[in-house]
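1. I would like to see how this sequence folds:
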Amino acid sequence: MRLVILVLAATPAMAQDTVPAPEYFVTSAMATSTAQIVAVNCGTLSVNPAAMTQSTDATLAALAEDGFTPENLTTRMQDPGDRIAVLQQAFMEKHGLTDGATETTVCAAGRREITEGTEIGALLLEVER
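-> Coordinates of the predicted model:
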């Protein structure tokens, strides 16, 4: 019986509890994914590759400082999906976006984010068609 308890205590799930995703990770994941969605749905906006790389590098560095590695990220961090979805819903409500929103509405939302200097806006740039 002792052997079974020791083996169970040594498993990753038992040895280390998961922790909530850091807020900076949640907001960064929301911003990068939302910027990509806006860019895909607006022909006059694109993702700024330099800004995206800089944002991703900063987030990865912060995660490393907090002890997260690519190997332990999914086993150590709780799934942030619900928290990201809440932020994306707030974005959609802010801009009046619904399923079937027109390209004009999506583009206006992206340009507003750029003008406001938001984290999403910093990841977008205007392009010619």
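
2. going by C-alpha atoms from here, please, whenever you check contacts or count neighbours.
-> OK.

3. any weak-confidence spans in this structure?
-> 1-16 (pLDDT under 70).

4. does the spatially most central residue of the chain count as helix, strand or coil?
-> Centroid check for the chain by C-alpha atoms, centre = their mean gives Ala29 as the closest residue, at 0.7 Å. Here Ala29 is helix, with the state taken from DSSP: H, G, I helix; E, B strand; the rest coil.

5. and the gap between the nearest residue to it once chain neighbours are set aside and Met52?
-> Using C-alpha to C-alpha, 6 or more residues apart in numbering and skipping residues adjacent in sequence, the residue nearest Ala29 is Ile84, 7.2 Å away. With distances taken as C-alpha to C-alpha, to the nearest Å, Ile84 is found 18 Å from Met52.

6. and the helices in the chain?
-> Under the criterion DSSP state H, helices of the chain are mapped to 2-10, 12-15, 23-41, 49-65, 73-76, 81-95, 103-116.

7. tell me which of these lies nearest to Val127.
-> helix 23-41 (10.1 Å; C-alpha to C-alpha).

8. what residues of the closest one count as buried?
-> 25-32, 34-36, 38-39, 41 (16 or more other C-alpha atoms under 10 Å).

9. what about Arg76, how many residues nearby?
-> Residues lying near Arg76 (other C-alpha atoms under 10 Å) number 19.

10. before we move on, the earlier item: so can I have a markdown table of the helices of the chain showing distance to Leu124?
-> As requested, the helices of the chain are exported to a markdown table (distance: least, C-alpha to C-alpha, whole Å):
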| stretch | distance to Leu124 |
| --- | --- |
| helix 2-10 | 46 |
| helix 12-15 | 39 |
| helix 23-41 | 6 |
| helix 49-65 | 8 |
| helix 73-76 | 27 |
| helix 81-95 | 15 |
| helix 103-116 | 7 |
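
11. and the ones you listed: which comes nearest Leu123?
-> Between Leu123 and the helices of the chain, the tightest spacing by C-alpha to C-alpha is seen for helix 49-65, at 5.5 Å.

12. what does the closest one contact?
-> Contact partners of helix 49-65, identified using C-alpha atoms under 8 Å, 6 or more residues apart in numbering, comprise 24-25, 28, 32, 69, 122-123.
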